[in-house]
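Q: give me a model of this one.
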Amino acid sequence: MSFDVPDDLRYLESHEWVRVADGTAEIGITEFAQDELGDVVFVELPNEGATLTAGEDFGVVESIKAVSDVYAPVSGTVTAVNDRLRDEPELLNEDPFGEGWMLEVELDDESEPDDLLSPAEYRDQIE
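A: Sure thing, here's the model as predicted:
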C-alpha cells in the first residue's frame, strides 16, 4: 500500500508532520500513522497558550487498537487547537493532512523544521 506524503511538509520518525508558513507551524499525524492506529475514537490535545518542546509528547490519540502519544516536531507556543477533533476524532482518519490538523504553534526557532525528515526520507522510512 502506498501512503500520501505531501511534499510541503516535514516529518518526525514517530509519524507527526509539520507545515510551516509565516512563522506558524501546523501539526498533525500522517496518513501512515492513522492507518496503523485504525479507527480513532478519542483525541487529547493541549490548550491554547501551552508550550511545546520538540521531541516531547503533547497529546494522546486513542483508537480501537491502541493509545498513542503524539510528539511535537517543533518547539513553540500553541496558538490554535482543532476543537473539532473532540467531537469528530475520525477526522484524523478521514483527512489527516487537512481537516484533521491538530495544533497551530508559533515557532520558537523558524529553522527547527529543517532538522526534521524530508518527504523523501519519510517515504523511505515507511516503505
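Q: how about the nearest residue to Glu44, chain neighbours excluded?
A: Leaving aside its sequence neighbours, Glu44 sits nearest to Val60 (Cβ to Cβ, 6 or more residues apart in numbering; 4.3 Å). To be clear about C-beta, it is placed using only N, CA and C from the backbone, and glycine gets the same treatment.
Q: direction included, what does the helix or strand that contains the one you found pair up with?
A: Val60 is part of strand 57-63, with elements assigned from DSSP states H and E. Here strand 57-63 has these sheet partners by DSSP bridges: strand 40-44 (antiparallel), strand 67-71 (antiparallel).
Q: for those, give me JSON lines that also has mean pLDDT.
A: Converted to JSON lines, those look like this (pLDDT from 0 to 100):
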{"stretch": "strand 40-44", "mean pLDDT": "98"}
{"stretch": "strand 67-71", "mean pLDDT": "97"}
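Q: those strands into CSV, with extra columns for distance to Val105 and mean neighbour count?
A: Converted to CSV, those look like this (distance: least, Cβ to Cβ, whole Å; neighbours: other Cβ atoms under 10 Å):
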stretch, distance to Val105, mean neighbour count
strand 40-44, 16, 18
strand 67-71, 13, 17
